[in-house]
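>>> I need the structure of the sequence given here:
(chains A and B)
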Amino acid sequence: MTRWITSATIDIDSDVLGRKATLRAPEALRGTWLGGKDMSEQTEARDTTVSAVSELDGKLARLKGWLYNKRSSGKILFMIIRDGTGVIQCVATKNEMGEELFRRLDGLHQESSLIVEGLVHKDHRAPGGYEIQVKECRVVSEAWPDYPITLKEHGPEFLLDQRHLWIRTPTQRAILAVRAEVMRSIREFLDNDGFVEVSAPILTPSACEGTSTLFSTPYFGEKAYLSQSGQLYNEATIMALGKVYCFGPTFRAEKSKTRRHLTEFWMVEPEAAFMTFEELLDLEERMVTFVVRRVIDRCSKELEQVGRDPKDLERIVPPFPRMTYDDAVKLLQENGIDIQWGDDFGSPHETFLASQSDKPVFVTGYPTKVKAFYMEPDPERPEIVLASDLLAPEGYGEIIGGSQRIHDYDLLVQRIKEHNLPMEAYDWYLDLRKFGTVPHSGFGLGIERFVAWMCHLDHLREASPFPRMITRMRP
RNA sequence: UCCUCGAUAGCUCAAUGGCAGAGCAUCCGGCUGUUAACCGGAGGGUUGUAGGUUCGAGUCCUACUCGGGGAGCCA
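Numbering: from 1, shown residues only, chains lettered A, B, ... in the order given. The predicted structure is shown next:
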């Protein structure tokens, strides 16, 4: 049994406590334990959480959490308490609590931490259907009076300044829970499919693709760059383990100021030896379907909290529409959108193409010239590559980019020259084509974009616990 | 880097070129079933910064600072 009250249990002079005057100098309260009756472990109440409270219907329960909101009249007090799993209404009456403790609770500010004991029961008037009739209550720490996040609306800049507190609100909590489920189910899917997680380095000596602007940092007399992709390293580890994935943060120093960009984001990158382009698309489709299914099955409450109708996600089943780049260009031109064969797609193009379906859409066969140097050309049409983007519905953009990789040594050397990349930086990468090279493929999926799509967010920043953007590195 | 929009109380926002306001939060008081509870009262402002036009500027003009989201780039 946890002894959660030990030496910290102190009987504080009642002249000091329960007086609102005290709150004008909240510094004096720091580090103290306040509270009602000493609730030691021999009480019959059982520990519970909001999410499991229905199991104790009609019984005494003990709940540890934070005061989210309260409504009171002179003799009855409704405390809305959150505990990380959900929110529940706790009812305290002056009759039951006594004058002094009731006054103290009535004067608590938002986010004060509490331990309550009371009778769990169904009540149609309570949000969530259950409430706790409080018998005992202990104030673990009385919050200062100036908690910045109210239940009213706030602007994005203010909320991001308060991100360390903003994450406590039900919607932000739900998003982070969905994010955790997305990451967990991706690992589950890949592990069950025979992939081995192999971490790629964050500190790298040069750009992987030679395109994006990277963050750099001094590294014992030379320059290191924060990784923008683990792919090149994956291409090494597949030759040791067959099927691998790396999963971690990646960094882009691009000055992108849009709702679809962060400077630091998480990406999962599966890669497999002997995997062909067709098998790659099949893998992407199966993985996305699996993860969406998991989110529907395990995050129903969170989806409801964020306002995402699960029916929107129920539609995400194979097969996903597939469109060639050639057809996509024709379709865009037919709809009066300015594009020529050979141009890369911009955001407006992707948004239009994605709007053609309720499901994610594969676009395949991009022009060789606009894509990365390592992509395998189509054997029948060398002007296009075996690459595909997976565009999410509802304007969430490219959530996956993948391709078959060049396995031929001579062709890869030629491409490195064509892209004016420093040959010496790719010596080890070329080794992979010298010693037992095989056709292979892989893709990268952006976690925040996926989570934003699942939760129907209007900005990627809410899909990250502490988002990093061009204008923001704090908190 | 470019385009565009914005900055007024702790927060969200009002204010025809003419006395700077409301709701929430905070503080005081009231209320035994509240649902972002409600009712009464109080405190809270160098209107982003600097200059200009004007009898008079939160409002009009110029520059700057900071920020929003869009382009480019990409997950």
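
>>> hey, where'd the strands end up in the stretch 51-200 of chain A?
Secondary structure of the stretch 51-200 of chain A by DSSP state E, counting those that start in this stretch: the strands cover A:60-72, A:76-82, A:87-93, A:113-122, A:130-141, A:196-197.

>>> Just put the ones you listed in CSV and tack on mean neighbour count.
Any C-beta I mention is one placed from the backbone N, CA and C, and that applies to glycine too. Output for the strands of the stretch 51-200 of chain A, formatted as CSV (neighbours: other C-beta atoms under 10 Å):
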stretch, mean neighbour count
strand A:60-72, 19
strand A:76-82, 21
strand A:87-93, 21
strand A:113-122, 20
strand A:130-141, 22
strand A:196-197, 15
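
>>> Is it possible to get CSV of those that adds distance to RNA strand B?
Compiled in CSV, the strands of the stretch 51-200 of chain A are given as follows (distance: least, C-beta to the nearest atom of the strand, whole Å):
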stretch, distance to RNA strand B
strand A:60-72, 3
strand A:76-82, 3
strand A:87-93, 5
strand A:113-122, 9
strand A:130-141, 5
strand A:196-197, 18
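
>>> Which among those is found nearest to A:M183?
Among the strands of the stretch 51-200 of chain A, strand A:196-197 comes nearest to A:M183, with 11.6 Å by C-beta to C-beta.

>>> if we can go back for a sec, mind checking which of the strands of the stretch 51-200 of chain A is nearest A:E448?
The nearest among the strands of the stretch 51-200 of chain A, by C-beta to C-beta, is strand A:196-197 at 19.5 Å.

>>> pLDDT weak spots in the stretch 101-250 of chain A?
Where the stretch 101-250 of chain A drops to pLDDT under 70, the residues are A:207-212.

>>> So the residue nearest the centre of chain A versus A:T169, what's the distance?
In chain A, the residue lying closest to the centroid (C-alpha atoms, centre = their mean) is A:R179, at 3.4 Å. Separation of A:R179 from A:T169 (C-beta to C-beta, to the nearest Å) stands at 15 Å.

>>> next one: A:K243
Applying C-beta to C-beta, the value for A:K243 to A:T169 is 40 Å.

>>> Likewise for A:F251?
From A:F251 across to A:T169, the span is 28 Å (C-beta to C-beta).

>>> Likewise for A:A177?
13 Å.

>>> count of neighbours near the residue lying closest to A:R163 once chain neighbours are set aside?
Nearest residue to A:R163, sequence neighbours excluded (C-beta to C-beta, 6 or more residues apart in numbering): A:P475, at 5.5 Å. Neighbour count of A:P475, defined by other C-beta atoms under 10 Å: 11.

>>> A:Q404 now?
Residues near A:Q404, counting by other C-beta under 10 Å, number 24.

>>> Might one say that it is in contact with A:L280?
Yes: with contact defined as C-beta atoms under 8 Å, A:Q404 and A:L280 form a contacting pair (6.6 Å).

>>> Residues that sit against both of the two, list them.
Residues touching both A:Q404 and A:L280 (C-beta atoms under 8 Å, 6 or more residues apart in numbering): A:S441.

>>> Leaving aside the residues adjacent along the chain, what's closest to A:D408?
For A:D408, ignoring the flanking residues on the chain, the nearest one in space by C-beta to C-beta, 6+ apart is A:R433 at 6.7 Å.
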